[in-house]
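Engineer: Here is my input, please return the structure:
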Amino acid sequence: MTTKNKKTMSIGIAGGGLLGRLTAWRLLREGIDVNLFEAGSLSRCPGAAHTAAAMISPLSEVVDSERLIYDMGMAGLALWPQWNRQLSQPINYVESGSLVVAHSQDASLLRQFSEKLDYHLDDNDAWQWLDNQQLKNIEPDLSHFQRALHLKTEAYLDNHALLDQLLADIKILGGNTHEYAKAERLSQHNLTVNGDTKKFDCVIDCRGLGAKESTPDLRGVRGEVLWVQTQEVQLRRPVRFMHPKYKLYVVPKPNNQYIIGATEIESEDLSPISLRSNLELSSALYSLHPAFSEARITRTDVNLRPALIDNRPRLDVQPGLIRANGLYRHGYLLAPAMVENILAQVLEKTTMQFGQQLIRPIETRTA
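Structural biologist: Next up is the predicted model:
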């Protein structure tokens, strides 16, 4: 990408969401000068990264996604704990695995899930069946289920704390942050913000849906979540609940809170959560454990996931310009691998093993 000494290299990053913050933080740790531009406020990330449940769940995803997602997710599973230790204040990162459960009448769904795991994975030690007593030992409030799948290597993190900490560390490391600074035009080495064109050794586009004008096949996929708070149920790890009508995930959050999600709607509507979705999520949550009936709904969130036509992540690469997009519903799972491939391009290092599946070299392209 450039032959300059990295100490004198300047990088402009458009987009202050998860991908932009992680990229800025990693480049700063390499001693590179970084300017991070965000169209809105940096104090509260407005994108899907703030709404996400933040599960690092490659095993869960291999059941319904292609192998690339699993491979990148496994790389993320290895990188996240390392990166967390490198933050000036590590955030809550929990490596206790996740559970998949179903009621006895839906046992076939759970069995089908396990068969897909067995088909796709060589490492059968990464997951195991739990009988009722084993389940009770690790998750007492789920003892009403007869069995469960324990995906032992999966993890989750506190995404709100992470986004705040990344911003703090970017400033500590000397990064230049600019909020309410909308990127109006990106081209090789040039980034125009609020009418002012700035020149960099490389410009990196991490805007997600903000990049629609330069990415024709980019679309938003609506996702809705509930936040509930209760002391009646104590879960220590993410739980996926298999149901004939919908799949539910429940992820623990600080202060006896849980985030509940499942919806994936082909729409770019950002209006509040629908009554139907609210009812379905609430009903599934009650079916998971009746004690959730006394939980308090503390908030609902709606956001759009940036997805490409093939639902795969992508790096468009040309001299002086990198466009990273398409993390879809796998933001926290795929972001580390995406960032490492971005750094490989900037620092002219070897890409990760699946890098060539992500990268599209583009000879002449501006927007």
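Engineer: quick one: K245 and L279 touch, right?
Structural biologist: No - assessed by C-beta atoms under 8 Å, K245 is found out of contact with L279, at 11.4 Å. Yep, even glycine has a C-beta here, placed from its N, CA and C like the rest.
Engineer: A helix includes W129, no?
Structural biologist: No - according to DSSP: H, G, I helix; E, B strand; the rest coil, W129 belongs to no helix; its state is strand.
Engineer: wait, what's in contact with it?
Structural biologist: W129 is in contact with S114, R147, A148, L149, H150, counting by C-beta atoms under 8 Å, 6 or more residues apart in numbering.
Engineer: can you tell me the helix or strand for the fourth one?
Structural biologist: Under DSSP states H and E, the secondary-structure element containing L149 is strand 147-151.
Engineer: Pull the number of nearby residues for D122.
Structural biologist: Using other C-beta atoms under 10 Å, the number of residues around D122 comes to 6.
Engineer: Am I right that it is in a strand?
Structural biologist: No - counting by three-state DSSP, D122 is not part of a strand but coil.
Engineer: Distance of it relative to Y249?
Structural biologist: When distance is defined by C-beta to C-beta, to the nearest Å, D122 is 25 Å away from Y249.
Engineer: Same check on W25?
Structural biologist: Plainly put, W25 is 27 Å away from Y249 if you go by C-beta to C-beta.
Engineer: need the helices for the stretch 101-250 of the chain, in chain order.
Structural biologist: Secondary structure of the stretch 101-250 of the chain (DSSP state H, counting those that start in this stretch): helices located at 107-120, 132-138, 159-172.
Engineer: Output the first one as CSV, restricted to C-alpha atoms.
Structural biologist: I take that to be helix 107-120. Extracted in CSV, the C-alpha atoms of helix 107-120 (Å, rounded to 0.1, in the frame of the first residue of the first chain):
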residue,chain,number,x,y,z
ALA,A,107,-35.9,-31.9,20.4
SER,A,108,-35.5,-32.6,16.6
LEU,A,109,-34.4,-29.0,16.1
LEU,A,110,-31.7,-29.4,18.7
ARG,A,111,-30.6,-32.8,17.2
GLN,A,112,-30.5,-31.2,13.7
PHE,A,113,-28.3,-28.4,15.0
SER,A,114,-25.9,-31.0,16.5
GLU,A,115,-25.8,-32.9,13.2
LYS,A,116,-24.8,-29.8,11.3
LEU,A,117,-22.1,-29.1,13.8
ASP,A,118,-20.8,-32.6,13.4
TYR,A,119,-20.9,-32.3,9.6
HIS,A,120,-19.1,-29.0,9.4
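Engineer: Quick one: list the elements packing against that helix.
Structural biologist: helix 58-62, strand 98-101, strand 127-131, strand 147-151 (3 or more C-beta pairs under 8 Å, 6 or more residues apart in numbering; DSSP states H and E).
Engineer: buried stuff in it?
Structural biologist: For helix 107-120, a neighbour-count test (16 or more other C-beta atoms under 10 Å) marks L109, L110, F113, S114, L117 as buried.
Engineer: what's the offset of the helix ranked longest in the chain from the middle of its chain?
Structural biologist: Ranked by residue count and defined by DSSP state H, the top helix of the chain is helix 67-86. Distance of helix 67-86 from the chain centroid (C-alpha atoms, centre = their mean, to the nearest Å) equals 11 Å.
Engineer: Next: stretch 291-298.
Structural biologist: 26 Å.
Engineer: now swap in stretch 272-279 and tell me
Structural biologist: Relative to the chain's own centre, stretch 272-279 is displaced by 23 Å; criterion: C-alpha atoms, centre = their mean.
Engineer: Show me which residues of it are buried.
Structural biologist: Neighbour count says stretch 272-279 has I273, S274, S277 buried, by 16+ other C-beta under 10 Å.
Engineer: try stretch 347-360
Structural biologist: By 16+ other C-beta under 10 Å, the buried positions in stretch 347-360 come out as T351, M352, F354, Q357, L358, I359.
Engineer: Now for A337, how many residues are close by?
Structural biologist: Neighbour tally, A337, other C-beta under 10 Å: 26.
Engineer: switch to numbering from 4
Structural biologist: Sure, I'll start counting at 4 from here, so that last one is A340.
Engineer: Can you list the helices and strands that the host helix or strand of it packs against?
Structural biologist: Element membership of A340, judged by DSSP H and E, is helix 334-350. For helix 334-350, the elements it packs on are helix 21-32, helix 51-54, strand 58-59, helix 70-89, strand 205-208, strand 317-321, strand 324-328, helix 358-361, judged by 3+ C-beta pairs under 8 Å, 6+ apart.
Engineer: want to try JSON lines for these, with mean pLDDT and distance to D161 as columns?
Structural biologist: Converted to JSON lines, the helices and strands packed on helix 334-350 look like this (pLDDT from 0 to 100; distance: least, C-beta to C-beta, whole Å):
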{"stretch": "helix 21-32", "mean pLDDT": "98", "distance to D161": "13"}
{"stretch": "helix 51-54", "mean pLDDT": "93", "distance to D161": "12"}
{"stretch": "strand 58-59", "mean pLDDT": "98", "distance to D161": "12"}
{"stretch": "helix 70-89", "mean pLDDT": "96", "distance to D161": "10"}
{"stretch": "strand 205-208", "mean pLDDT": "98", "distance to D161": "26"}
{"stretch": "strand 317-321", "mean pLDDT": "94", "distance to D161": "28"}
{"stretch": "strand 324-328", "mean pLDDT": "97", "distance to D161": "24"}
{"stretch": "helix 358-361", "mean pLDDT": "78", "distance to D161": "27"}
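Engineer: Same list as before, these that is, but in a markdown table and with distance to E227 included.
Structural biologist: Compiled in a markdown table, the helices and strands packed on helix 334-350 are given as follows (distance: least, C-beta to C-beta, whole Å):
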| stretch | distance to E227 |
| --- | --- |
| helix 21-32 | 19 |
| helix 51-54 | 9 |
| strand 58-59 | 16 |
| helix 70-89 | 22 |
| strand 205-208 | 27 |
| strand 317-321 | 26 |
| strand 324-328 | 22 |
| helix 358-361 | 29 |
